[in-house]
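Novice: I'll drop the sequence and a predicted model, then ask my questions.
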Amino acid sequence: MHNAMQAWVEEVMSQLSHALDDIPDSTSLHPPGALPYTHDDEVAMRRFLDSFKGRGVDPPGMRFISSSNTSSMRSVSLMINKLLTQLLPGLDALFAAVFQSVGVDAKWTQHSWVLKNTAAAIPLMNAWNSIYASHSASHPRLYTYDFERLYTNIPSGDMHTKILQLVGKIFASHLQHAGIKVWDEAPAVWLTAAQMPTQDRDRHGTGYAGRFFIYDLDTIAEFLRQLLDDMYVQFGDQLLRQVMGTPMGTNCASLLANFYLAMYELTFLENLASLTNNTLNPQAKRTQARQILLSFLMTGHYIDNLLSINNPYLRFLLYTNQTLFYHDLHGSLHGHQHQALRPWEPPHLVLYDKRRHEPLSSLFITKYPHMSSNISETAKFNILTSQYHRFLSIILSRDNFVTSMADVIMTLYGKGYPVHELLTRTYFLCWQHSESYSIQADKMITHISTAVHRLMG
């Protein structure tokens, strides 16, 4: 390893002062969760680090990623993922109870702040639109924020405590129930103390809906401890235990972060509801607390992206370090920038890549995993599928769609992906969406293939 790279490695390692000190140096050690450390290319890493020199910007911190495809903690992660997914309705009910306690109609309180996917933001906007139309409210403002390094900033111990507290609240909301039976292929079932198995061997098995596992709070606490405390990464001949952040790359990583944030969010809302309902408080204070609480009614976050509609209080309650106005699209009227848009002329939307503009254009930034990385082949090729659907939903220009797809294919080709396989998968995607851009699928793939071969020279 080159001296510059070695110095950087030592600097990163020195930051992990709480890593296991007693484990002997041995590449043969593989405790739960241990994975060999790999990089696409040491030269690429050096280029990345060198691109920050003289710019007054520190390189991003090192992220240890556990591959869910090869990690020995995969089974535990899958079980926690299924459990937390089944507890999401209980989480929604806790948030709904807070708003209903201050007199909000139940139809507006059917979700927590945790959005299952990006499409879940649409009902929030539709709800506001219905209010705006019926009450002639003032013009709304939409606020969005991004959590800075959400996955890597959470201390493992605090994550374990907060998630367990939240799960305890969900259990407590199901009165007389002491456990939950989670099935592979059916909704979870809550169990009373009398229904809980007395023998450990009866807590798991196979039934009408596939496999099942029965959890109580003690079992959940142990599973969380095992996952969060036993995440290791092998770095050369060093073995490190992760003590900060979620186990990235594992199946339940996003749910762990969501439940961790939800505990703080729920506590915040409960405190506002308590101020509102406390008759010992002055009426003005109670009214103000209720007004702030209602402003968070149309708030949600999808993993590390926070959305709030018409909430003037949110920005005063956040720790923000900077504001960046990046956007994904660039609009024009087919080159006529200064003409008014005629009713029959659709806008011309093309993709805007912030990495091609300052301050990011001069940095060496990699986007996608290498073909030789530890993640599953399905996950690797899903990059192509997800980018195809992303472009299809936001790009109105057929030519820009073709060049954007060609750029993705060439980037993946440069990371070891077979170009024939990439083009074949693109071909089937085009056939599945044959009406896109008013062009036949075979002609679309011909355009994309031509653009790829032109870039290949």
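Specialist: Noted; the coordinates are in hand.

Novice: for the record, mean pLDDT for stretch 233-242?
Specialist: Averaging pLDDT along stretch 233-242 gives 74.

Novice: mind checking the end-to-end distance for that stretch?
Specialist: The straight-line separation of the ends of stretch 233-242 (Cα to Cα, to the nearest Å) is 7 Å.

Novice: tell me the gap between stretch 202-209 and the middle of its chain.
Specialist: Centroid separation for stretch 202-209 versus its chain: 31 Å, with Cα atoms, centre = their mean, to the nearest Å.

Novice: please enumerate residues in contact with that stretch?
Specialist: Applying Cβ atoms under 8 Å, 6 or more residues apart in numbering, the set of residues contacting stretch 202-209 from outside is 183-186, 197, 211-214, 219. Placement of C-beta: from N, CA and C, glycine included.

Novice: buried residues in the helix or strand containing residue 285, which are they?
Specialist: In the assignment (DSSP states H and E), residue 285 maps to helix 283-295. Buried residues in helix 283-295, defined by neighbour count with 16 or more other Cβ atoms under 10 Å: 286, 289-290, 292-295.

Novice: returning to that earlier point: JSON lines for the contacts of stretch 202-209, including distance to residue 282 and secondary structure?
Specialist: Converted to JSON lines, the contacts of stretch 202-209 look like this (distance: Cβ to Cβ, whole Å; DSSP: H, G, I helix; E, B strand; the rest coil):
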{"residue": "183", "distance to residue 282": "51", "secondary structure": "strand"}
{"residue": "184", "distance to residue 282": "54", "secondary structure": "coil"}
{"residue": "185", "distance to residue 282": "54", "secondary structure": "coil"}
{"residue": "186", "distance to residue 282": "51", "secondary structure": "coil"}
{"residue": "197", "distance to residue 282": "53", "secondary structure": "coil"}
{"residue": "211", "distance to residue 282": "56", "secondary structure": "strand"}
{"residue": "212", "distance to residue 282": "53", "secondary structure": "strand"}
{"residue": "213", "distance to residue 282": "51", "secondary structure": "strand"}
{"residue": "214", "distance to residue 282": "49", "secondary structure": "strand"}
{"residue": "219", "distance to residue 282": "46", "secondary structure": "helix"}
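
Novice: can you pick the most crowded of those?
Specialist: residue 214 (21 neighbours; other Cβ atoms under 10 Å).

Novice: can you pull the phi and psi angles for the residue nearest to residue 85 when sequence neighbours are not counted?
Specialist: Of all residues not flanking residue 85 in the chain, residue 255 sits nearest, at 6.8 Å (Cβ to Cβ, 6 or more residues apart in numbering). Residue 255 adopts backbone torsions of phi -70, psi -40, taken as degrees, to the nearest 10.

Novice: tell me the secondary structure at residue 452.
Specialist: helix (DSSP: H, G, I helix; E, B strand; the rest coil).

Novice: got the CA coordinates for the helix holding residue 285 in PDB?
Specialist: Extracted C-alpha coordinates of helix 283-295, given in PDB (Å, rounded to 0.1, in the frame of the first residue of the first chain):
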ATOM      1  CA  GLN A 283     -54.800  29.700  27.900                       C
ATOM      2  CA  ALA A 284     -52.500  31.600  25.600                       C
ATOM      3  CA  LYS A 285     -49.700  29.100  26.200                       C
ATOM      4  CA  ARG A 286     -52.100  26.200  25.500                       C
ATOM      5  CA  THR A 287     -53.300  27.800  22.300                       C
ATOM      6  CA  GLN A 288     -49.800  28.400  21.100                       C
ATOM      7  CA  ALA A 289     -48.700  24.800  21.900                       C
ATOM      8  CA  ARG A 290     -51.700  23.500  19.900                       C
ATOM      9  CA  GLN A 291     -50.900  25.700  17.000                       C
ATOM     10  CA  ILE A 292     -47.300  24.500  16.800                       C
ATOM     11  CA  LEU A 293     -48.500  20.900  17.200                       C
ATOM     12  CA  LEU A 294     -51.000  21.200  14.300                       C
ATOM     13  CA  SER A 295     -48.300  22.700  12.100                       C
END
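
Novice: and for it, what's in contact with it?
Specialist: Here helix 283-295 has contacts from 98-99, 102, 104, 269, 272-273, 275-278, 281, 310-314, using Cβ under 8 Å, 6+ apart.

Novice: show me these that map onto helices.
Specialist: With DSSP state H as the criterion, helices contain 98-99, 269, 272-273, 275-277 from among these.

Novice: for the residues you listed, pick the one with the most neighbours.
Specialist: Counting by other Cβ under 10 Å, top hit in those: residue 269 with 24 neighbours.

Novice: quick revisit: between the buried residues of helix 283-295, which is nearest residue 301?
Specialist: residue 295 (15.6 Å; Cβ to Cβ).

Novice: what pLDDT does the closest one get?
Specialist: 86.

Novice: equivalent analysis for residue 165, please.
Specialist: 95.

Novice: cool, residue 327 as well?
Specialist: 42.

Novice: any stretches of the stretch 101-250 of the chain with poor pLDDT?
Specialist: 131-140, 234-236, 248-249 (pLDDT under 70).

Novice: do that again at 80, thanks
Specialist: 105-111, 117-144, 146-153, 230-243, 245-250 (pLDDT under 80).

Novice: helices along that one, start to end?
Specialist: For the stretch 101-250 of the chain, applying DSSP state H, counting those that start in this stretch gives helices covering 121-135, 150-153, 156-173, 217-229.

Novice: would a markdown table of those with distance to residue 143 be doable?
Specialist: Converted to a markdown table, the helices of the stretch 101-250 of the chain look like this (distance: least, Cβ to Cβ, whole Å):
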| stretch | distance to residue 143 |
| --- | --- |
| helix 121-135 | 12 |
| helix 150-153 | 17 |
| helix 156-173 | 25 |
| helix 217-229 | 32 |
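
Novice: quick one: which of those is nearest residue 94?
Specialist: helix 156-173 (6.0 Å).
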